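predicted model and sequence follow; I will ask about them next.
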Amino acid sequence: MRKRLDTGIRPSEITPEGAYVNRRALLTAAVAAGLVPSIMSCEAATLPASGDLADVKKWPGSTTEKANTFEEITSYNNFYEFGTGKEDPSRYAHTLKTRPWSVQVSGEAAKTGTFTLEDILKPHSLEERIYRLRCVEAWSMVIPWVGFPLADLVKRFEPTSNAKYVQFITLSDREQMRGVRSSVLEWPYREGLTIAEAMHPLAFVAVGLYGKVLPNQNGAPLRTVVPWKYGFKSCKSIVRIHFTDRQPQTSWNMAIPNEYGFYSNVNPQVDHPRWSQASERRLGGLISPRIPTQMFNGYAEQVASLYTGLDLVKNY
Amino acid sequence: MTQRSVVIIKVLIWAGCLAPLGLLVLQVLGYFGGLGANDVETVLNVCGKTGLNLLILTLCVTPIRRSTGINKLVVFRRLLGLFAFFYLSLHFLTYALLDLGLLYPLLYGQTAAGISPAAQLLADIAERPYITVGFTALVLLIPLAITSTRAMQRRLGRNWQKLHRLVYVVAVLGIVHYWWQIKSDTDAQPLPYAVLLAVLLGVRVRHWLVDSKAAVPPSYQRVEPPQAHEKTSH
């Protein structure tokens, strides 16, 4: 792993004044010309390409369970765009270029178009949320994410009343992502939520981890985190957000529909067709007890009302 | 093949077969980058794959012996087979003791509320097809390991051969077990194993057909005494 040189210099200090003044002038001109929706422009944001994130508030709802180490969280990933091995992303994701980055917003929303990463991040203040992450493979971690509520981002695009679902799409570039050359999944990776799920206060957009900029293997520069669903429902390295009136395609559901459903809520009572989901192994220790998997990964109190009347066995 | 070369090859086999275990031990101690974030899975995978590799290697001995005429090769077959059994047993023990967590209450006298590793083990064996298949394969290997000695071979006579054909069933079940537990159908990691096993089975079927046509005792039963042409093979 690359070691960060702590020089105490903020990236904004490195950028020559002329450069960002020019950028602002360009952006202003672009807004004036109608190229960039004005609501999203303003100033260039301050998300550095790597290193520490500034002004991160602690979220009071964080779990008090012991978090996994930075090393564990960044060396054991399912990110098939970089290979199917758990160590592949940490080995190969350095080829991903996260700057410049832009996200295309489309479908049933008032504010659609292409937004730069800076546009996306600008109005949000960052907070640290320590969430449990339960993988469908029956292991789990505790992860201190840094980011902001997904609802705050979704609202800015002003989804219309037709927007019943939102789909997220991961970058698919065989030049930067060696795993995309294999057809293990149908690329690009896509995931989706109902609008109500996306607007839930627990749904999160992560741009950081352990107070630092999100490492590439964890889905830089921005990813969703939906803590009450299995890990694969989160979408990494997002390049497109699409609002739609019908249930969108989701990658694992397309690959094996009888094993991976659209909802994929963590549910100890609904087993994977091939293995039990009743318990999980918290990573970080060769000799550790298995722990019972909690309904909605322990977030039932907050999210169960989203599924009132829904048959969770049928809608796995 | 001289007695000396047999000893040298045996030493090499011991070293090669113990190497994966040695590496695991060193990784537990933190060398070679450690076991990784999911240490239990690493141990599980190394033992399972090494066991399967050795099982396939064991099945390669007879075809190689037939095509080269070096009958002495059979003395290495038992060693490889027993090492395969050793790693597959470790694979199972890792699953039961570390993955399901049977060891934790044994060591610390407690486990999380609502969790019974023993009940989960029984439920898995009964209800999870890939575990049922894997467990069956391991159980079938037990009589083969017990009867692998020369004395047992003599005592069982022709029945020994019949009994040890179970190894083909074990290999097929092992690959099915491997295939059923991977996450995606499109992940072809077990494919090379399946292809190799198919080839090995094909070679045997051909031999059985040839042997039954010739109506002579199959040559592979003539393990001892050593054949005359053996002396010229080194």
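That came in fine, so what should we check first?

can I get stretch A:165-177 as PDB, trimmed to CA atoms?
Once side chains and other backbone atoms are set aside, the C-alpha atoms of stretch A:165-177 remain, and they are given as PDB (Å, rounded to 0.1, in the frame of the first residue of the first chain):
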ATOM      1  CA  TYR A 165     -36.700   3.400  -7.900                       C
ATOM      2  CA  VAL A 166     -33.200   4.600  -8.300                       C
ATOM      3  CA  GLN A 167     -30.500   2.600 -10.100                       C
ATOM      4  CA  PHE A 168     -26.800   3.100  -9.500                       C
ATOM      5  CA  ILE A 169     -24.200   2.000 -12.000                       C
ATOM      6  CA  THR A 170     -20.500   1.400 -11.400                       C
ATOM      7  CA  LEU A 171     -17.800   2.400 -13.900                       C
ATOM      8  CA  SER A 172     -17.000  -0.300 -16.400                       C
ATOM      9  CA  ASP A 173     -13.600   0.400 -18.000                       C
ATOM     10  CA  ARG A 174     -11.500  -2.600 -19.100                       C
ATOM     11  CA  GLU A 175      -8.500  -0.300 -19.300                       C
ATOM     12  CA  GLN A 176      -8.700   0.700 -15.700                       C
ATOM     13  CA  MET A 177     -10.400  -2.400 -14.300                       C
END
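
could you tell me the end-to-end distance of stretch A:176-196?
34 Å (Cα to Cα, to the nearest Å).

now that stretch: mean pLDDT?
Stretch A:176-196 shows a mean pLDDT of 96 in the predicted model.

test my guess that residue A:271 contacts residue A:259.
No: in this structure, residue A:271 sits apart from residue A:259 without contact. The criterion is Cβ atoms under 8 Å, and the distance is 10.4 Å. (Each C-beta comes from the backbone N, C-alpha and C, glycine too.)

report how many residues lie close to residue 68.
All of this refers to chain A. For residue A:68, the neighbour count with other Cβ atoms under 10 Å in any protein chain shown is 21.

was after chain B, sorry
As a measure of burial, residue B:68 has 10 neighbours, counting by other Cβ under 10 Å.

how much space between it and chain A?
Between residue B:68 and chain A the computed distance is 37 Å (Cβ to the nearest Cβ, to the nearest Å).

cool, residue B:2 as well?
Using Cβ to the nearest Cβ, which is the criterion applied here, residue B:2 is 44 Å from chain A.

tell me, what's the model's pLDDT at that residue?
At residue B:2, pLDDT is 87.

pretty sure residue A:277 is touching residue A:271, no?
Yes: using Cβ under 8 Å, residue A:277 makes contact with residue A:271 at a distance of 5.2 Å.

these two - which one has more neighbours?
Looking at residue A:277 and residue A:271 with other Cβ under 10 Å, you find the greater number of neighbours at residue A:277, namely 19 against 15.

for the more buried one, what are its contacts?
The contact partners of residue A:277, by Cβ atoms under 8 Å, 6 or more residues apart in numbering or on different chains, come to A:136, A:138, A:266, A:267, A:268, A:270, A:271, A:293.

could you rerun that using 10 Å?
Residue A:277 is in contact with A:134, A:136-138, A:230, A:266-271, A:293, A:316, counting by Cβ atoms under 10 Å, 6 or more residues apart in numbering or on different chains.

swap in residue A:268?
Taking Cβ under 10 Å, 6+ apart as the definition of contact, the neighbours of residue A:268 are A:134, A:276-280, A:292-297, B:114.

for residue A:152, same thing?
Residue A:152 sits in contact with A:123, A:124, A:125, A:199, A:201, A:204, A:205, where contact means Cβ under 10 Å, 6+ apart.

ditto for residue A:261
Per Cβ under 10 Å, 6+ apart, neighbours of residue A:261: A:230, A:250, A:252, A:253, A:270, A:312, A:314, A:315, A:316.

is residue A:282 in contact with residue A:135, as I believe?
No: counting by Cβ atoms under 10 Å, residue A:282 sits too far from residue A:135 to count as a contact (11.1 Å).

can you pull the residues that touch both of those two?
Between them, residue A:282 and residue A:135 share these contacting residues under Cβ under 10 Å, 6+ apart: residue A:141.

what about residue B:74, which SS state?
Three states are possible here, and by DSSP: H, G, I helix; E, B strand; the rest coil the one that applies to residue B:74 is helix.

so what pLDDT did it get?
Looking at residue B:74, its pLDDT is 87.
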